[in-house]
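Student: All I have is the shape, not the residue letters:
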């Protein structure tokens, strides 16, 4: 199984178009130790012919262009694509907006939770993905299924599972209390498996906390891509970028007693990679003390173009 990181940044990318924070300013200036990043998405294949996208970033056209394996294949017709399916982990703009760039009459299968599919159905702009071309399939948490495209099964299977998180920003209900109307299925994680090889990995780009069920699911996993949005809960406030904490946005911070570094310390996950990294996060600086802490704890920081083989 081949896993390619199409994008490793959180919403807005890195640099973010309207951000003049230190990280964004320095990466624009070409400072050493900083790499530009597009918004979070993975591409996975069991056979190097059929590819499955995990989330559809707003930067998807750029990401496809930078990934030859996702280009139309010579000899397969004037219009074709090796992208067989797209699986969504939530309804956030940085994970669904790229669907609008996949609108050119190309068939593929779209998988998401029933909650996210309802959100797409409620917005008529997503009707550009004609139902006779793009089938929409609801995922039942805890039930594995073969991932199939228009030409049949891809050799991969997926299992969705509920993750503590938050409803997408544009769907928040300010009158619903502290959880803003969040319901089960608004945020999911994925276990992706190569059915022939028997290998698997987990993809969780958004997670508010590690509950007992998630701890047991991830214990001793071979590979995990996990929410790396913020290093500290209040870093966006401290940098003057936002009035929101990571908790308010539904993201678990890396550092501290309640952070993911501490939470995973005893879980025995063999390879741990942070993804969905916000432009404010100091780990984006390859020589920063925070990057040293993360790497010293055995974590990697994803970058665009990164490839992992299982």
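Tutor: Structure received. All values reported here derive from a predicted model rather than from experimental measurement. Numbering: from 1, shown residues only.
Student: The helix or strand containing residue 95: which residues count as buried?
Tutor: Using DSSP states H and E, residue 95 sits in helix 93-96. Within helix 93-96, the residues that qualify as buried are 94-96, counting by 16 or more other CB atoms under 10 Å. All C-beta spots, glycine's among them, are computed from the backbone N, C-alpha and C.
Student: between the residues you listed, which is closest to residue 65?
Tutor: residue 94 (18.5 Å; CB to CB).
Student: rewinding a little: tell me the mean pLDDT for the helix holding residue 95?
Tutor: If you average the pLDDT over helix 93-96, you get 95.
Student: thinking again about what came up before, please produce a markdown table containing the buried residues of helix 93-96, extended by distance to residue 35.
Tutor: What follows is the buried residues of helix 93-96, written out as a markdown table (distance: CB to CB, whole Å):
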| residue | distance to residue 35 |
| --- | --- |
| 94 | 18 |
| 95 | 21 |
| 96 | 25 |
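Student: Out of those residues, the closest to residue 289 would be?
Tutor: Using CB to CB, the buried residues of helix 93-96 come closest to residue 289 at residue 94, 27.8 Å.
Student: Okay, strands next: where are they in the chain?
Tutor: Taking DSSP state E as the criterion, the chain contains strands spanning 2-7, 41-45, 51-54, 83-87, 108-112, 134-138, 145-149, 152-162, 188-194, 200-204, 224-227, 272-275, 299-301, 307-309.
Student: got those strands as JSON lines, with distance to residue 236 columns?
Tutor: Converted to JSON lines, the strands of the chain look like this (distance: least, CB to CB, whole Å):
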{"stretch": "strand 2-7", "distance to residue 236": "20"}
{"stretch": "strand 41-45", "distance to residue 236": "22"}
{"stretch": "strand 51-54", "distance to residue 236": "25"}
{"stretch": "strand 83-87", "distance to residue 236": "28"}
{"stretch": "strand 108-112", "distance to residue 236": "28"}
{"stretch": "strand 134-138", "distance to residue 236": "34"}
{"stretch": "strand 145-149", "distance to residue 236": "35"}
{"stretch": "strand 152-162", "distance to residue 236": "26"}
{"stretch": "strand 188-194", "distance to residue 236": "24"}
{"stretch": "strand 200-204", "distance to residue 236": "21"}
{"stretch": "strand 224-227", "distance to residue 236": "15"}
{"stretch": "strand 272-275", "distance to residue 236": "17"}
{"stretch": "strand 299-301", "distance to residue 236": "18"}
{"stretch": "strand 307-309", "distance to residue 236": "29"}
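Student: can you put those in JSON lines and add mean neighbour count?
Tutor: Listed next are these as JSON lines, based on neighbours: other CB atoms under 10 Å:
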{"stretch": "strand 2-7", "mean neighbour count": "23"}
{"stretch": "strand 41-45", "mean neighbour count": "24"}
{"stretch": "strand 51-54", "mean neighbour count": "26"}
{"stretch": "strand 83-87", "mean neighbour count": "24"}
{"stretch": "strand 108-112", "mean neighbour count": "22"}
{"stretch": "strand 134-138", "mean neighbour count": "16"}
{"stretch": "strand 145-149", "mean neighbour count": "18"}
{"stretch": "strand 152-162", "mean neighbour count": "19"}
{"stretch": "strand 188-194", "mean neighbour count": "23"}
{"stretch": "strand 200-204", "mean neighbour count": "23"}
{"stretch": "strand 224-227", "mean neighbour count": "26"}
{"stretch": "strand 272-275", "mean neighbour count": "24"}
{"stretch": "strand 299-301", "mean neighbour count": "19"}
{"stretch": "strand 307-309", "mean neighbour count": "12"}
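Student: Would you reformat the ones you listed as JSON lines and include mean pLDDT and distance to residue 68?
Tutor: Shown next, in JSON lines, are the strands of the chain (pLDDT from 0 to 100; distance: least, CB to CB, whole Å):
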{"stretch": "strand 2-7", "mean pLDDT": "98", "distance to residue 68": "11"}
{"stretch": "strand 41-45", "mean pLDDT": "98", "distance to residue 68": "11"}
{"stretch": "strand 51-54", "mean pLDDT": "98", "distance to residue 68": "11"}
{"stretch": "strand 83-87", "mean pLDDT": "98", "distance to residue 68": "13"}
{"stretch": "strand 108-112", "mean pLDDT": "98", "distance to residue 68": "19"}
{"stretch": "strand 134-138", "mean pLDDT": "97", "distance to residue 68": "24"}
{"stretch": "strand 145-149", "mean pLDDT": "97", "distance to residue 68": "19"}
{"stretch": "strand 152-162", "mean pLDDT": "97", "distance to residue 68": "19"}
{"stretch": "strand 188-194", "mean pLDDT": "97", "distance to residue 68": "21"}
{"stretch": "strand 200-204", "mean pLDDT": "98", "distance to residue 68": "22"}
{"stretch": "strand 224-227", "mean pLDDT": "98", "distance to residue 68": "22"}
{"stretch": "strand 272-275", "mean pLDDT": "98", "distance to residue 68": "22"}
{"stretch": "strand 299-301", "mean pLDDT": "98", "distance to residue 68": "24"}
{"stretch": "strand 307-309", "mean pLDDT": "98", "distance to residue 68": "12"}
